[in-house]
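> I'd like to go over a predicted model; first the sequence, then the structure.
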Amino acid sequence: MVKISPLVRLPSGLMVNIFTKGGVQAFLESELSQTYLSSDLRTIKDIRKTKNRTSEAEDLLFSLTAKIEFIATLADPILFAETVPESEIEVWFIFVLHELKALSAKPDWLRSGELDEDDMSCLNISAAMFHFHAVPVQLAFECEYVQLLADFLKACPTTLPSTEIAGQITNIVSRII
């Protein structure tokens, strides 16, 4: 069972629950908002490269992806734009582009058209970011993100991926447009 803690310690020492709007607001108003994406994504990349992960590593991976998704979902769009540097969002976007390209060539995807929970988290975070925030949408158009999604789907060996994957991709595209 995955253990996930929604509590984050701010530099002031205050513990906030980032699974609440108030906690996300406090988090974004702290200096942590300046580097959390690049820091968390570095850790996520390192964990995802590990073949035989410990349960602690699995819990951390799940916690970090949930943190990014909840912050994107619960953040006030204006506060998010004011406190999260565009360079941080670009780091996230480059991570997503790289992950989608890697997923397109992943043996499990090519064989079955299925993604594991780790891989689905990339799509889930994308849906949250595109739904609420302008900079990721702008980057999506600049980097032909929709074409990358189309290429990802073309690599699927079946005519259609699972309902969950198709639904999330439809969700992402509708939020970009």
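Right, received. Where do you want to start?
> and the most centrally placed residue in the chain, what does it touch?
The chain has I125 as the residue nearest its centroid, 2.9 Å off, counting by CA atoms, centre = their mean. Residues in contact with I125 (CB atoms under 8 Å, 6 or more residues apart in numbering) are T65, I68, E69, A72, W92, V96. In this view, the C-beta of every residue, glycine as well, is placed from N, C-alpha and C.
> okay if I get those residues as JSON lines plus secondary structure?
Formatted as JSON lines, those follow (DSSP: H, G, I helix; E, B strand; the rest coil):
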{"residue": "T65", "secondary structure": "helix"}
{"residue": "I68", "secondary structure": "helix"}
{"residue": "E69", "secondary structure": "helix"}
{"residue": "A72", "secondary structure": "helix"}
{"residue": "W92", "secondary structure": "helix"}
{"residue": "V96", "secondary structure": "helix"}
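> what's the burial count for R111?
Neighbour count of R111, defined by other CB atoms under 10 Å: 10.
> number the chain from 360, please
Okay, using 360 as the starting number, the last item reads as R470.
> quick one, phi psi at it?
R470 adopts backbone torsions of phi -80, psi -40, taken as degrees, to the nearest 10.
> that one contacts P516, correct?
Yes. Counting by CB atoms under 8 Å, R470 sits close enough to P516 to count as a contact (6.6 Å).
> may I have the helix or strand harbouring the residue nearest to the centre of the chain exported as CSV, CA atoms only?
Applying DSSP states H and E as the criterion places I484 in helix 476-491. C-alpha atoms of helix 476-491 as CSV (Å, rounded to 0.1, in the frame of the first residue of the first chain):
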residue,chain,number,x,y,z
GLU,A,476,0.8,3.6,-13.0
ASP,A,477,4.2,5.4,-13.2
ASP,A,478,3.7,6.1,-16.9
MET,A,479,0.1,7.2,-16.5
SER,A,480,1.2,9.8,-14.0
CYS,A,481,2.9,11.7,-16.9
LEU,A,482,-0.4,12.0,-18.6
ASN,A,483,-2.2,12.9,-15.4
ILE,A,484,0.1,15.7,-14.6
SER,A,485,-0.2,17.0,-18.1
ALA,A,486,-3.9,17.2,-17.9
ALA,A,487,-3.8,19.2,-14.7
MET,A,488,-1.1,21.6,-16.0
PHE,A,489,-2.9,22.3,-19.2
HIS,A,490,-6.3,22.7,-17.6
PHE,A,491,-5.4,25.6,-15.4
